[in-house]
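**Student:** Pasting a predicted model and its sequence here:
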Amino acid sequence: MKTLTIVLQITPPHITTRSNQWPRTNETLHRSRRETPFQPARKWRLHDGAKGFTGRPTNKERESIARKSNTSSRKDKKNKMDDDDDKIPDVVWDRMISRILVNVGVPLAAGFFMLQVFSVLKEQGSVNVPKWVPFVTTFVTFGASALGVAYGSLSTSLSAEEEGSLLGFEQVEKNWVEMWEQDEEEE
């Protein structure tokens, strides 16, 4: 009891007694930025002489850059002529993107769904799921989602006239062989 009475007699430092509950009218409600106790925000600026920034190029440097761009544009024109046969038609491109989205999205959604199912089962306590099961299912589903990019592009028919099958197994066999033949030709 003695400690209780001693504690009650001490006023906490955060409680102040004020005779008037309303704020004084002569106090300024809005202070300027300079009067606030906080430090002003730093302003990011480039420092003079930073690495990679040497200033403005001289006339000689400008001329050499212009020469390099002229020679590179000539090379680009030659390469564009060679690359014309490698362009993918828009119809094929749209098919490829849709296959990639499906082959990535379905396993990814299945992985998130399975994680939610395991979470609900754990919260309810109805089934004791071992800890390794969610790890294995996420590894399999997210791994299949990562492989979906490659499978989606390989299972697409590269011919604008051919639609291809639903799963694209025939096209995978055909495109896989064609891809390795091109690789061997380049070497």
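**Tutor:** That came in fine, so what should we check first?
**Student:** tell me the secondary structure for Phe118?
**Tutor:** At Phe118, secondary structure determined by DSSP: H, G, I helix; E, B strand; the rest coil is helix.
**Student:** List the contacts of the closest residue to it other than its chain neighbours.
**Tutor:** Using C-beta to C-beta, 6 or more residues apart in numbering and skipping the chain neighbours, the partner closest in space to Phe118 is Pro134 (4.8 Å). C-beta: built from backbone N, CA, C; applies to glycine. If a contact means C-beta atoms under 8 Å, 6 or more residues apart in numbering, then Pro134 has 114-115, 118 as its contacts.
**Student:** And Ser159, by the same measure?
**Tutor:** Counting by C-beta under 8 Å, 6+ apart, Ser159 has contacts Val92.
**Student:** So it, which state does it fall into?
**Tutor:** Criterion first, three-state DSSP; result for Ser159: coil.
**Student:** From Asn175, how far off is it?
**Tutor:** 11 Å (C-beta to C-beta, to the nearest Å).
**Student:** ok, of the contacts of Pro134, which come out buried?
**Tutor:** 114, 118 (16 or more other C-beta atoms under 10 Å).
**Student:** now, among the contacts of Pro134, which is nearest to Gly143?
**Tutor:** Checking the contacts of Pro134 against Gly143 by C-beta to C-beta gives Met114 as the nearest, at 13.3 Å.
**Student:** Quick check, pLDDT for Glu170.
**Tutor:** Note for Glu170: predicted pLDDT of 89.
**Student:** Contact partners for the closest residue to Val104 other than its chain neighbours?
**Tutor:** In this structure, Val104 finds its nearest non-sequential neighbour in Gly148, 4.0 Å apart by C-beta to C-beta, 6+ apart. By C-beta under 8 Å, 6+ apart, the contact list for Gly148 reads 100, 102-107.
**Student:** before we move on, what SS does Gly148 have?
**Tutor:** Per three-state DSSP, Gly148 ends up helix.
**Student:** Pull out the buried residues from stretch 109-122.
**Tutor:** Applying 16+ other C-beta under 10 Å to stretch 109-122 flags 110-111, 114, 118 as buried.
**Student:** Which one of the residues you listed is nearest to Glu170?
**Tutor:** Ala110 (25.3 Å).
**Student:** Now the helix or strand containing Pro107: average pLDDT?
**Tutor:** Assigned by DSSP states H and E, Pro107 falls within helix 90-124. Helix 90-124 shows a mean pLDDT of 93.
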